[in-house]
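> Turn this into a model:
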Amino acid sequence: QELILPFGKRLARADERMRELPYALYDSQEVMVTDIVNSGKASIKQGLAVLGGIQINTAPDQLDYFHPLRFDYYDADGNLVD
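Numbering: from 1, shown residues only. Model (predicted):
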């Protein structure tokens, strides 16, 4: 399955392709994670937290950091809690 292929036009149109690439990869993986969560909702026992984002690696003398893009909590019934 080609996960990044559907985002080819988006990347081609981007002014800064290397900056857009991790967001396109995140979006492609977000589709897969959402499918997994939706398929397994019935098996949630006490709740499920889903955290997603982009890990940003920096120079060796600097700290790396995480750019969170999603934090969802599903209750024991599989419902998304706002």
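> Give the bridge partners for Phe71, please.
Leu51 (DSSP bridges).
> For Thr58, list the residues it contacts.
Residues near Thr58 by CB atoms under 8 Å, 6 or more residues apart in numbering: 64-65. Every residue, glycine included, has its C-beta placed from N, CA and C.
> Please tell me how far it sits from Ala24.
21 Å (CB to CB, to the nearest Å).
> and if you look at Phe66?
Phe66 is 18 Å from Ala24, by CB to CB.
> which residues of the chain fall in strands?
48-56, 65-74, 80-81 (DSSP state E).
> got the ones you listed as JSON lines, with mean neighbour count columns?
Converted to JSON lines, the strands of the chain look like this (neighbours: other CB atoms under 10 Å):
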{"stretch": "strand 48-56", "mean neighbour count": "13"}
{"stretch": "strand 65-74", "mean neighbour count": "12"}
{"stretch": "strand 80-81", "mean neighbour count": "10"}
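> Any chance of those in CSV with distance to Arg13 and mean pLDDT as columns?
Formatted as CSV, the strands of the chain follow (distance: least, CB to CB, whole Å; pLDDT from 0 to 100):
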stretch, distance to Arg13, mean pLDDT
strand 48-56, 20, 95
strand 65-74, 20, 96
strand 80-81, 31, 94
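> Now the longest helix that the chain contains: buried residues?
Secondary structure of the chain per DSSP state H: the longest helix is helix 17-40. Buried positions in helix 17-40, judged by neighbour count with 16 or more other CB atoms under 10 Å: 20, 23-24, 26, 28, 37.
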